[in-house]
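1. predicted model and sequence below, questions to follow.
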Amino acid sequence: MREGNVNDFDQYFCNRNVGLTLRYNFSKGAEIDERRRNSLDELNRTGN
């Protein structure tokens, strides 16, 4: 295996991992946003 091939391979995996991490964090963040919105709605309902 040539050195260039190893580098390309490493970069490919690094990029894939970054993409997966971003997607994972984003979906977790969206979930938390949803929960926050629900609790805000309940506060408004009890406040009125």
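-> Nice, I can see it. Numbering: from 1, shown residues only.
2. and stretch 5-15, what's its mean pLDDT?
-> Averaging pLDDT along stretch 5-15 yields 80.
3. residues in contact with it?
-> For stretch 5-15, there are no surrounding residues in contact (C-beta atoms under 8 Å, 6 or more residues apart in numbering). Glycine gets a C-beta too; all of them are placed from N, C-alpha and C.
4. same thing with stretch 41-48?
-> Applying C-beta under 8 Å, 6+ apart, stretch 41-48 has no contact partners.
5. pLDDT (mean, whole number) over that stretch?
-> Rounded mean pLDDT across stretch 41-48 is 76.
6. now it, how far from the chain's geometric center?
-> Mean-position distance between stretch 41-48 and its chain equals 30 Å (C-alpha atoms, centre = their mean, to the nearest Å).
7. in the protein, which spans are helices?
-> Under the criterion DSSP state H, the chain contains helices at 3-47.
8. list the residues that contact R35.
-> Contacts of R35 by C-beta under 8 Å, 6+ apart: none found.
9. that one and N15: what is the separation?
-> Counting by C-beta to C-beta, to the nearest Å, the separation of R35 from N15 is 31 Å.
10. repeat for F9
-> In terms of C-beta to C-beta, F9 sits 11 Å off from N15.
11. again with D8
-> Distance of D8 to N15, given as C-beta to C-beta: 11 Å.
12. got it, and N7?
-> Distance of N7 to N15, given as C-beta to C-beta: 12 Å.
13. off-centre distance for stretch 12-23?
-> How far stretch 12-23 lies from its chain's middle: 10 Å, per C-alpha atoms, centre = their mean.
14. mind exporting that stretch as CSV, just the C-alpha atoms?
-> Extracted in CSV, the C-alpha atoms of stretch 12-23 (Å, rounded to 0.1, in the frame of the first residue of the first chain):
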residue,chain,number,x,y,z
TYR,A,12,-12.2,9.5,4.4
PHE,A,13,-12.8,8.0,7.8
CYS,A,14,-12.2,11.2,9.7
ASN,A,15,-14.7,13.0,7.5
ARG,A,16,-17.2,10.3,7.9
ASN,A,17,-16.8,10.3,11.7
VAL,A,18,-17.2,14.1,11.8
GLY,A,19,-20.4,13.9,9.7
LEU,A,20,-21.8,11.2,12.0
THR,A,21,-20.9,13.1,15.1
LEU,A,22,-22.5,16.3,13.8
ARG,A,23,-25.7,14.4,12.7
